[in-house]
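K.L.:
sequence and computational prediction follow.
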Amino acid sequence: MFAGPIETPAGPKPGYFVMAVLEAAGGGRLLVHRGVLPMEMKNAAPAPPVGEVTLRGLMRAPERAGWFTPGDDPARGSYFLRDPQALAPALGKDLSPFFLDEEAASGDPSGAEEWPRKGVGALAPPNNHLSYALTWFGLAIALLAVFALRARRA
């Protein structure tokens with residue numbers, strides 16, 4: 001799957017998502033985003049772990065296509081969205097409707113030199129609601145002040 005630009009010491013490079021299917025002990029299958037690889041390392045993707053593993057990450061909803069998202073090409077194995085339901089036929093398995101964005105190991109939060117590089121998504125999205133509210137209320141008060149000055153002159 002195409003990942004888009006990956007930050008490397010040599011600058012941004014195009015790359016691929018590394019996806020694997022996790023079979024849960026309680027039943028069911030989950031698509032796991034294990035990280036990203038530069039394009040030149042596409043064939044060097046590590047094999048999925050074998051045996052019992054514990055993963056930590058962020059559950060994500062499937063990605064949706066935008067206007068400029070290219071179409072998938074299953075014959076070539078080219079997919080552009082992390083959408084478990086679109087990937088299920090290619091993997092030959094029923095998958096959960098969401099996927100797990102695996103977190104980087106605690107020893108190296110950036111995964112700087114390790115491939116595939118994990119933790120590409122924000123595990124704690126920014127919460128800017130207060131600043132947005134203050135901005136919009138401030139604009140509303142300014143508009144009321146302008147209206148009051150205009151009404152007073154008339």
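P.N.:
Structure received.
K.L.:
and Thr8, its phi and psi?
P.N.:
The main-chain torsion angles of Thr8 are listed as degrees, to the nearest 10 and equal phi -130, psi 170.
K.L.:
can I assume it is in contact with Pro38?
P.N.:
Yes - with contacts defined as C-beta atoms under 8 Å, Thr8 counts as touching Pro38 at a distance of 6.6 Å. Every residue, glycine included, has its C-beta placed from N, CA and C.
K.L.:
the more surrounded of the two?
P.N.:
The residue with more neighbours, out of Thr8 and Pro38 and counting by other C-beta atoms under 10 Å, is Pro38; that gives 18 against 13.
K.L.:
surely the more buried one meets Glu7?
P.N.:
No - at 10.5 Å, Pro38 and Glu7 do not qualify as touching, with contact defined as C-beta under 8 Å.
K.L.:
got the contact list for stretch 88-101?
P.N.:
Contacts made with stretch 88-101 from outside it, assessed by C-beta atoms under 8 Å, 6 or more residues apart in numbering, are listed as 19, 21-22, 28-33, 55, 57-62, 74, 77, 79, 82, 84-85, 87, 119-121, 123.
K.L.:
just the buried residues of these.
P.N.:
With neighbours counted by 16 or more other C-beta atoms under 10 Å, these contain buried members at 19, 21-22, 29-33, 57-58, 62, 79, 82, 84, 87, 119-120.
K.L.:
which SS state does the residue nearest to Pro116 when sequence neighbours are not counted fall under?
P.N.:
Using C-beta to C-beta, 6 or more residues apart in numbering and skipping residues adjacent in sequence, the residue nearest Pro116 is Gly35, 3.0 Å away. Three-state call for Gly35 (DSSP: H, G, I helix; E, B strand; the rest coil): strand.
K.L.:
bridged to Gly35, which residues?
P.N.:
Val18 (DSSP bridges).
K.L.:
how many neighbours does it have?
P.N.:
Under the neighbour criterion other C-beta under 10 Å, Gly35 is assigned a count of 25.
K.L.:
any idea of the mean pLDDT for the lengthiest helix in the chain?
P.N.:
Taking DSSP state H as the assignment, the helix of the chain that covers the most residues is helix 129-153. When pLDDT is averaged over helix 129-153, the result is 95.
K.L.:
thank you kindly, that will do.
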